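>>> 3D model of this:
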Amino acid sequence: MSTQESESDRSGWILFAVIIMFAVGFARVISGISYLDDSNDVNNLTNALFGDQLWVWGIWDLIIAALAFFAGWSLLSGGGFGYVVAYIWGVVVIVQGFIGFVVAPWYSAAAITLGALVVYGLSKTDRTTMA
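Predicted structure coming up:
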């Protein structure tokens with residue numbers, strides 16, 4: 001009985017990771033387009049990593065979104081490559097959260113938490129039961 005419960009927990013963690021990656025991917029597409037548009041709605045980022053070059057942040061957010069979409073789609077189809085990309089995505093989101101902590105502490109804390117939950121969920125999942 002406990003074996004069946006642990007297998008359902010594992011698939012739940014994968015589904016959680018996929019949902020988080022798709023949600024963050026959509027949010028990053030919207031923010032990336034906003035950065036590329038050089039919108040005035042964006043906070044002052046002159047002290048941030050890339051300075052006031054909003055187009056660089058836009059490209060960065062679109063790259064993060066593409067990684068999230070690819071990894072989520074691959075995980076849904078049982079692909080092992082998406083598993084690796086999802087780990088990389090989680091680590092990149094955590095690192096970016098630490099980099100942006102001075103500029104946006106609540107956003108960074110949320111990003112670090114979500115990235116850590118995705119990495120934790122992937123590490124709790126046995127890759128042999130995914131296919």
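
>>> quick one: the helices in the protein?
Listed in chain order, the helices of the chain (DSSP state H) span 2-36, 54-76, 80-99, 105-123.

>>> contact partners for the nearest residue to residue 36 once chain neighbours are set aside?
Once flanking residues are discounted, residue 36 sits nearest to residue 58: 3.7 Å by Cβ to Cβ, 6 or more residues apart in numbering. C-beta: built from backbone N, CA, C; applies to glycine. Shown in contact with residue 58 (Cβ atoms under 8 Å, 6 or more residues apart in numbering): 31-36.

>>> most surrounded residue in these?
The residue in the contacts of residue 58 with the most neighbours, by other Cβ atoms under 10 Å, is residue 35 (23 neighbours).

>>> if I pick it, what's in contact with it?
42, 54-55, 57-58, 61.

>>> with residue 82 instead?
Applying Cβ under 8 Å, 6+ apart, we find residue 82 in contact with 70-75.

>>> and which of those residues is nearest to residue 91?
Taking Cβ to Cβ as the measure, residue 91 sits nearest to residue 71 out of the contacts of residue 82, at 11.9 Å.

>>> list the contacts of the closest one.
Counted by Cβ under 8 Å, 6+ apart, residue 71 has contacts 21, 82-83, 85-86, 89.

>>> now render these as a markdown table, adding pLDDT.
A markdown table is the format used below for these (pLDDT from 0 to 100):
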| residue | pLDDT |
| --- | --- |
| 21 | 88 |
| 82 | 84 |
| 83 | 87 |
| 85 | 88 |
| 86 | 88 |
| 89 | 87 |
